[in-house]
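**Student:** Sequence below, structure please.
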Amino acid sequence: MPFRLHFGEDDLLQCRFSVSPLWETQEAVRTLNRPERHGYHASWLRRIRSAAAGLDLTPLWLLMPQRGHTPDWLCPPPIGPAAPFEEEIAAVRAVHPREAREDTARALADTPGAAESPLGRALLRDPVRMVQQLADLLEATWHTLVEPDWPRLRALLEADVVFHSRRLAEVGLGGLLPELDRRFAWGTGTLTVDRKGEHVRDLGGQGLVLMPSVFSWPDVVSGFDPPWQPTLVYPARGIGGLWASPTDRASDALVRLLGRGRAGVLTALDEPATTTALAHRLGLAPSSVSAHLSTLRAAGLLVSRRYGHQVLYERTPLGMALASGGTTNQQ
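**Tutor:** Okay, the predicted model is just below:
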């Protein structure tokens, strides 16, 4: 079945990257119910098991068919390049109940028996209450399951954006899109996505939002319908080491050379990250991580670059060589 996005001249000027905490919250809910996604997230799943058990996620799971439509209103394309969760959930609460009901009915129709179930009927019977109930549930899920790890998740997502923004400058949009995922193909102004489902859309001058995701792996996601801005979600780079402890991966030789703290910081920078994200990942005080980063940068092992209001640190070739030669094979 065709899955194609057609670009006009204006669309090429309106493409942008974005990061969305609301999207990661929705996809974390989906991941809990999809064993095929558990591979990279086993340690996170073990850690949040008790907290997840305290949330009744059934209403959200009912609107996440194995194959088919998930309501766009429940997780619309991100407002800006890095909108906070509070702004995104406010947009969900502001959706018109009639539009939410129509979109929800479409999702329920993709799961046999869902629309006729007691829960499905209750959602459709009172769309005003449905919007409030599901927004409240998403917000509770954010605070319980995702927000505690958001500095780590955001650092990885922003590092993906920095990397691919650099590639965009080097190879252009037509060269970048197939690099984002092997299922993307570009030709004669059309992006073709190799995935099940039928979706053909002329972007109409709105451009395309490109959004890396941690919890969407291994899926690519698109299919947002008007009036929502076309959006393409792809698996972020570097999720294989997302939940690993960098300090445990540092070899004894690297620890002896740099000290345990600096070795842990250098090893943790598989992807560019901020001071706050590194502190959260390593369980260290931000002041300690900042001191280690300054020392490593002065030694020529790191460089820093600004991304929005944040500063991301990444390894230099010398830092990469030391880190790759001074890590264990532990996962």
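**Student:** tell me what the longest helix seen in the chain is packed against?
**Tutor:** If you go by DSSP state H, the chain has its longest helix at helix 150-180. If you count contacts as 3 or more C-beta pairs under 8 Å, 6 or more residues apart in numbering; DSSP states H and E, helix 150-180 packs onto strand 16-17, helix 21-32, strand 184-187, strand 209-213, helix 275-282, strand 302-307, strand 310-315. Every C-beta, even on glycine, is put in place using the N, C-alpha and C of the backbone.
**Student:** Parallel or antiparallel, which strands does the first one pair with?
**Tutor:** The sheet places strand 16-17 alongside strand 209-213 (parallel), with pairing taken from DSSP bridges.
**Student:** related to what we said a few turns ago, so can I have JSON lines of the helices and strands packed on helix 150-180 showing mean neighbour count, distance to residue 101 and mean pLDDT?
**Tutor:** Formatted as JSON lines, the helices and strands packed on helix 150-180 follow (neighbours: other C-beta atoms under 10 Å; distance: least, C-beta to C-beta, whole Å; pLDDT from 0 to 100):
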{"stretch": "strand 16-17", "mean neighbour count": "17", "distance to residue 101": "31", "mean pLDDT": "92"}
{"stretch": "helix 21-32", "mean neighbour count": "24", "distance to residue 101": "19", "mean pLDDT": "96"}
{"stretch": "strand 184-187", "mean neighbour count": "14", "distance to residue 101": "33", "mean pLDDT": "90"}
{"stretch": "strand 209-213", "mean neighbour count": "24", "distance to residue 101": "25", "mean pLDDT": "94"}
{"stretch": "helix 275-282", "mean neighbour count": "22", "distance to residue 101": "40", "mean pLDDT": "84"}
{"stretch": "strand 302-307", "mean neighbour count": "14", "distance to residue 101": "39", "mean pLDDT": "85"}
{"stretch": "strand 310-315", "mean neighbour count": "19", "distance to residue 101": "39", "mean pLDDT": "87"}
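**Student:** got those as CSV, with distance to residue 87 columns?
**Tutor:** CSV is the format used below for those (distance: least, C-beta to C-beta, whole Å):
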stretch, distance to residue 87
strand 16-17, 17
helix 21-32, 9
strand 184-187, 29
strand 209-213, 15
helix 275-282, 20
strand 302-307, 19
strand 310-315, 18
